[in-house]
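Asker: the following comprises the amino acid sequence and a computationally predicted model.
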Amino acid sequence: MTTTLAAPLAPFVDPLPVPRRLVAAMQNGQLTVPIRAGRHRFHRDLPESAIWGYDGTVPGPTIEAERGQPVTVPWRNELDGTLPVVVTAVPKAADASGVPVQCVPGLSGGTPDQNAAALAGHTVVHLHGGLTPAPYDGAAENLFAPGQPAVFHYPMDQRAALLWYHDHVMGVTKFGVYAGLAGLWIVRDHRERELALPEGPPFEVPLLIQDRNFDLDDSGRLTGQLIHKTDPEVMEAFPPFTVVNGKVWPRLDVQPVTYRFRVLNGSNARTYRLVLFHNGEPELHRITQIGTDHGLLRSPARVPPDGLVLASAERADLLIDFSGLEPGSELTLLNTAAAPFDGAPFPAANAHNAADPGLMLPYPHVMRFRVVPGPVTRRTIPGELATDYRPPGPGALAGAPRRTIALVERELEGEPNMLTMRELVIAGDDHTGPVVTVTDDGQTTRYRAVAAHFEDATTFFPVLDRHEVWQLINLTTDTHPIHVHLDPFQILSRRPIRYQIPGRGIEDLAITATVTFERDPDDQLDHTIDDNERGLKDTVRVNPNEIAEIAVRFTTYSGRYMYHCHILEHEDRDMMRPFVTMPAELMPFMA
Ligand SMILES: [Cu+2]
């Protein structure tokens, strides 16, 4: 389908808001952040929306911390009232004219979910990307009710990076984050200062990208009421309006110089593929990526030719050069990624034609830059950025424990699909039940599933300071951004696979599948690791028909943590599992 939908809101009319900065060093590392209900205007022409926000704002304040200077935050849960989001599962996926219901505002005939309406503000905060002791990591079951304080200590013994803090409640993270519970957290260090990168306003600008939808009143006008809408065919919410720092399709006036943008995809489910467009042409050459999830890359990278792909929770540290542009020039940031995202390519040159409601992308707009007069300066970008890590060599990985995880979608009768991560172990010769076979160059390994749901027994006990290789096998048709809490990892490989799952091959725990390392003739993906992914990551996209391998090493803290898909609707049901890190000398005593 390529019908275009008229946008019910004018794009590029609101100035880009910049969240309030909370600089930890100016408050001796003691920051109090209340978690409050509030009101927020997402667009000039929208009424105010009821939201939940850190400090009552959308997004929350941007916390800025220094490496090595601990930060203590009493997260004060002052939420009163119930979830300010109307949640609905619409009985039909498309309206009478064939337009997917998720592409339009309003409830589309869905009824408000009464269980969601009753949610009364239990919360827990996770600092995504933080090297945080387990008691303060925001485990999804350790909830704080309104009125209960949660004083969390963040050592900040970690390299400079853009982190973010958000709600992480078991089963309903998708609603808490959607209601507004997300904010940025920047760690700074001396290496970044040596490189003299822009720091703070006006030339360092955070961009927190999300998607939102709103209700309609009886006369068809947008009310501002946030709605989380799903349908029988798509269990994730893919709202039509892209919101940057809390405004729908904002604009930013820029001088003809180089800006540093700290970009986060904070959407529940949507992946963006960002293209900078000017005068009918992509201008990706203006963008240099210097950092990823956990900070600086080793050297600057071009974004991929199709555009910068960011799945939920992925970050990019970008330098964009606006020099050489006449005052009045307009550059538009467009999104070309279909939803659900499966990695399918889309040429950047066609970005202005990317709108396609059938692909849940009714409006490709993200935001617009307008060049204003000013002194022209062009920044030279150092060729060497990070010097504190390199890709793990074969020596470091020889003998490393290997863990295998299958990403599996289970269809259920009369209720939404379950997405699970099946932790697999090598099946003994005496195992006669269902197996996953993985064949690589004629060698076949048989695996059996030992865990599928969050509450199944823990099977991962990584030892501190030891490398491990985690192998993620995608047996679904969508890309899943898999996030590991605690230390960052490096992506080792992506390889194409073919697989077959027999009828009823996916049971509650057991799974039967045959996987072969070979390319499916219909597979359009290149399964490469992009240059901008060759850094320290905490979220890796695992595409369809693919096995991704990551080198994981936990260094500092022992305890119970989580890894999960960062599509919040998947994480909530049930694509999340615990792991427990342990010092080596304790392992002999583990039963
Ligand atoms: Cu997922």
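Answerer: Received it, and whenever you're ready, just let me know what you need.
Asker: of all the residues in the stretch 401-550 of the chain, which one is nearest the ion?
Answerer: Nearest to the ion, among the residues of the stretch 401-550 of the chain, is His480, at 3.5 Å (CB to the ion). To be clear about C-beta, it is placed using only N, CA and C from the backbone, and glycine gets the same treatment.
Asker: look up how far Ala150 lies from that residue.
Answerer: 29 Å (CB to CB, to the nearest Å).
Asker: same question, Ile209
Answerer: The value you get for Ile209 to Ala150, if CB to CB is used, is 27 Å.
Asker: of these two, which one has the most company?
Answerer: A count of neighbours by other CB atoms under 10 Å puts Ile209 above the other of Ile209 and Ala150, at 21 against 18.
Asker: ramachandran coordinates for that one?
Answerer: Backbone torsions for Ile209, taken as degrees, to the nearest 10, come to phi -100, psi 130.
Asker: pLDDT-wise, which helix or strand of the protein ranks last?
Answerer: helix 394-397 (a mean of 90; mean pLDDT, DSSP states H and E).
Asker: and the stretch 351-500 of the chain, which residues reach the ion?
Answerer: With CB under 5 Å from the ion as the criterion, the stretch 351-500 of the chain meets the ion at residues His480.
Asker: where's the residue of the stretch 251-400 of the chain found nearest the ion relative to Gly60, distance?
Answerer: Closest contact between the stretch 251-400 of the chain and the ion, by CB to the ion, is at Ala269 (8.2 Å). To Gly60, Ala269 is 21 Å away according to CB to CB.
Asker: so what's Phe554 up against?
Answerer: Contacts for Phe554 (CB atoms under 8 Å, 6 or more residues apart in numbering) come out as 462, 464-465, 486-487, 581.
Asker: now Arg494: how far from Met562?
Answerer: Taken as CB to CB, the span from Arg494 to Met562 is 23 Å.
Asker: and for Leu131?
Answerer: 15 Å.
Asker: where do the helices sit along the chain?
Answerer: 114-117, 173-179, 190-194, 394-397, 568-571 (DSSP state H).
Asker: lowest-confidence stretch among these?
Answerer: Mean pLDDT is lowest for helix 394-397 among the helices of the chain, at a mean of 90.
Asker: sorry, back to before: what's the local residue count around the residue nearest to the residue of the stretch 401-550 of the chain closest to the ion when sequence neighbours are not counted?
Answerer: Nearest residue to His480 in three dimensions, chain neighbours excluded: Cys565, at 4.7 Å (CB to CB, 6 or more residues apart in numbering). When neighbours are counted by other CB under 10 Å, Cys565 registers 29.
Asker: Gln500 too?
Answerer: Gln500: 11 neighbours (other CB under 10 Å).
Asker: tell me the contacts of the residue nearest to it when sequence neighbours are not counted?
Answerer: Leaving aside its chain neighbours, Gln500 sits nearest to Thr514 (5.0 Å; criterion: CB to CB, 6+ apart). Contact analysis of Thr514 by CB under 8 Å, 6+ apart lists 436-437, 439, 499-500.
Asker: what's the answer for Gln102, then?
Answerer: By CB under 8 Å, 6+ apart, the residues touching Gln102 are 90, 213, 229-231, 234, 237-240, 360.
Asker: if we use 10 Å, what do you get?
Answerer: Taking CB atoms under 10 Å, 6 or more residues apart in numbering, we find Gln102 in contact with 90, 93-94, 108, 211, 213, 229-231, 233-234, 236-240, 339, 357, 360, 362.
Asker: Val438 now?
Answerer: With CB under 10 Å, 6+ apart, Val438 has these contacts: 404, 406, 424, 444-447, 471, 473, 497, 499, 513-517, 547.
Asker: who does the residue nearest to Gln500 bridge with?
Answerer: Beta bridges link Thr514 to Thr437, Gln500, judged by DSSP bridges.
Asker: ok, it to Pro502 distance?
Answerer: 9 Å.
Asker: for Gln471, same thing?
Answerer: When distance is defined by CB to CB, Gln471 is 22 Å away from Pro502.
Asker: what does His40 give?
Answerer: 49 Å.
Asker: so for these two, which residue has more residues nearby?
Answerer: A count of neighbours by other CB under 10 Å puts His40 above the other of His40 and Pro502, at 22 against 10.
Asker: now the stretch 51-200 of the chain against the ion: closest residue?
Answerer: Nearest residue of the stretch 51-200 of the chain to the ion: Lys174, at 11.8 Å (CB to the ion).
Asker: I'd assumed Leu181 was in contact with that residue.
Answerer: No. Using CB atoms under 10 Å, Lys174 makes no contact with Leu181, being 11.1 Å away.
Asker: find residues that contact each of these two.
Answerer: Asp167.
Asker: if we can go back for a sec, among the contacts of Val438, which ones are buried?
Answerer: Listed as buried from the contacts of Val438 are 404, 406, 424, 447, 471, 473, 497, 499, 513-516, 547; burial here means 16 or more other CB atoms under 10 Å.
Asker: just the buried residues out of the contacts of Gln102, in PyMOL syntax.
Answerer: Buried residues among those (16+ other CB under 10 Å), as a PyMOL selection:
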select buried, resi 90+94+108+211+213+229+230+231+234+236+237+238+239+240+339+357+360+362
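Asker: now, the contacts of Gln102 that are in strands?
Answerer: 211, 229-230 (DSSP state E).
Asker: just give me the closest of the residues you listed to the ion.
Answerer: Nearest to the ion among these is Thr230, at 14.3 Å by CB to the ion.
Asker: this completes my enquiry, with thanks.
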